[in-house]
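Asks: Got a sequence here, can you build the structure:
(one chain, ligands or ions: 1)
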Amino acid sequence: MAAEIYVISGFLGAGKTTLIQKLLKEAFRNEKVVLIENDFGEISVDAALLKSSGVEVKEINAGCICCSLSGDFVKALKELLDRFRPDKIMIEPSGVGKLSDIIKACSDPRIKPLATVKGKITVADVKRCQMYLDNFGEFFEDQIKHADVVLLSRTERFPDKVDSASKLVRELNPHAAIIAKAWSRIPAAEILHPEQEHHGQGEHSRYGQGCSCRHHGAQVHEEHCPSGHHHHEGHCDGKHNHGAEDIFDTVTIRTKGIFSIEDLQARIAKMEQGAKGTILRAKGILRSTRGCVNLQYLPGELKITKSAASGDMLCFIGRNLNQQELVSLFGGE
Ligand SMILES: Nc1nc2c(ncn2[C@@H]2O[C@H](COP(=O)(O)OP(=O)(O)OP(=O)(O)O)[C@@H](O)[C@H]2O)c(=O)[nH]1
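Replies: Numbering: from 1, shown residues only. From the prediction side, this is the model:
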């Protein structure tokens, strides 16, 4: 039987890895699952974190799965299918990857007989989606427009942002199911198969004008790219497609430092106040005086939690980053 592919996309820090962890626990417990991680950077922090949950993880690093790399991606995907014969494949593109690129690669004739895309799920952060749309629209819009399910994150922390975020998503994608509930109250089946759950739970379509979800009227969601060119069966010529590497910088640091939590907090605060360039995301696994920790940073949000995976790496994504400054701030080698 053909493997089922679920693509979990979303801008930087939206909650893709968190969602994958939920799906692994709640939906795919007894299935043979392979994860494909495409972190934008030399090392994949997400892959390290997810490996510690015991699933097969394949990392594809150094650049996004864009037109120019899709040949390699298709080859890697085909090898995985032949080698592991999985029931399910979850693909987590980089936060600055395009969902349309993944869909295109999965519709390659080498893949089609072996695997079928069953879900195109995009996670959208209610607090930051307007800012991402305004500043990085080419990537953010692509992720929203090509999704069949958009799952809003941080709805509990920012309840006042939920309506405007839902409206923004609905304007970009009139057909997707929008799920706006607290994640703890969302059964995995509702995310994976919203058509079966539709109107049973009632809540996912309460935004927009009446019911405008993709499940009514058998609407065909055409593949549009930001340039306005038409894709034919998901294929484009690649000429108009900007890669993330043209726009975003990444800095990866390896450090032997053993930090206290307070020290890490202070270094991040110093980085926020003084670092040159725009830091959009930082994440890593570091040694601390209390064992290994997972550091997750987004502007205005820092979480440092105990990590089952061990590591000594910190990765930054942003614009006009100053590598030397970051290396010296975090005691990099
Ligand atoms: N409060 C809250 N925090 C969240 C939610 N979703 C994700 N987070 C936090 O946001 C941070 C980033 O989450 P990830 O799941 O790593 O996000 P991601 O989309 O995989 O990130 P990248 O792959 O680096 O772009 C973590 O600290 C999460 O705990 C949410 O719905 N509410």
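Asks: Provide the secondary structure category for Asn30.
Replies: Under DSSP: H, G, I helix; E, B strand; the rest coil, Asn30 falls in the coil class.
Asks: so what's it scoring on pLDDT?
Replies: You'll see Asn30 listed with a pLDDT of 83.
Asks: Which positions in the top helix by length along the chain come out as buried?
Replies: In the chain, with assignment by DSSP state H, the single longest helix is helix 129-145. Buried residues in helix 129-145, counted by 16 or more other Cβ atoms under 10 Å: Cys129, Tyr132, Leu133, Phe136, Glu138, Phe139, Phe140, Glu141, Asp142, Gln143, Ile144, Lys145. Where C-beta positions appear, they are placed from N, C-alpha and C, glycine not excepted.
Asks: State the distance from the third one to Ile247.
Replies: As judged by Cβ to Cβ, to the nearest Å, Leu133 and Ile247 stand 15 Å apart.
Asks: and what of the fifth one?
Replies: The gap separating Glu138 from Ile247 is 8 Å, by Cβ to Cβ.
Asks: what does the first one give?
Replies: Computed with Cβ to Cβ, the distance linking Cys129 and Ile247 is 18 Å.
Asks: and what of Lys22?
Replies: As judged by Cβ to Cβ, Lys22 and Ile247 stand 30 Å apart.
Asks: so is the residue of the stretch 51-200 of the chain found nearest the ligand in a helix, a strand, or just coil?
Replies: In the stretch 51-200 of the chain, the residue found nearest to the ligand is Gly95; the distance is 2.9 Å by Cβ to the nearest ligand atom. The three-state label given to Gly95 by three-state DSSP is coil.
Asks: same thing with Lys120?
Replies: Here Lys120 is strand, with the state taken from three-state DSSP.
Asks: For it, give me its contacts.
Replies: Listed by Cβ atoms under 8 Å, 6 or more residues apart in numbering, the contact set of Lys120 reads Val7, Ser9, Leu99, Ile103, His146, Ala147, Asp148, Val149.
Asks: Quickly list what it is bridged to.
Replies: Beta-bridge partners for Lys120, by DSSP bridges, are Val7.
Asks: for Lys283, same thing?
Replies: According to DSSP bridges, beta-bridge pairing links Lys283 with Gln296, Cys315.
Asks: Does it touch Glu301 like I think?
Replies: No: contact criterion Cβ atoms under 8 Å: Lys283 and Glu301 do not qualify, at 11.6 Å.
Asks: more crowded one of those two?
Replies: The neighbour comparison of Lys283 against Glu301 (other Cβ atoms under 10 Å) goes to Lys283, with 24 against 13.
Asks: Spell out which parts of the protein neighbour the ligand.
Replies: By Cβ under 6 Å from any ligand atom, the residues of the chain that approach the ligand are 10, 12-18, 46, 95, 153-154, 157, 183, 281, 283, 296, 303.
Asks: In helices, which of those appear?
Replies: Assigned to helices by DSSP H, the following of the residues of the chain next to the ligand qualify: Lys16, Thr17, Thr18, Asp46.
Asks: Now do the contacts for the third one.
Replies: Thr18 is in contact with Ser153, Trp183, counting by Cβ under 8 Å, 6+ apart.
Asks: quick revisit: quick one: average pLDDT of the longest helix of the chain?
Replies: Taken as a whole, helix 129-145 has a mean pLDDT of 96.
Asks: Check stretch 262-276 too.
Replies: 93.
Asks: Provide a list of residues in contact with the residue in the chain sticking out farthest from the centre.
Replies: In the chain, the greatest distance from the average C-alpha position (Cα atoms, centre = their mean) is reached by Thr289, at 30.4 Å. Taking Cβ under 8 Å, 6+ apart, we find Thr289 in contact with Ile258, Phe259, Ser260, Ile261.
Asks: The first one reaches Ser288, doesn't it?
Replies: Yes: taking Cβ under 8 Å as the contact criterion, Ile258 and Ser288 are neighbours in contact, 6.6 Å apart.
Asks: Mind checking which of the two has more residues around it?
Replies: Between Ile258 and Ser288, counted using other Cβ under 10 Å, the more crowded position is Ser288 (18 against 13).
Asks: and that one, that one's in a helix?
Replies: No: counting by three-state DSSP, Ser288 falls outside a helix, being strand.
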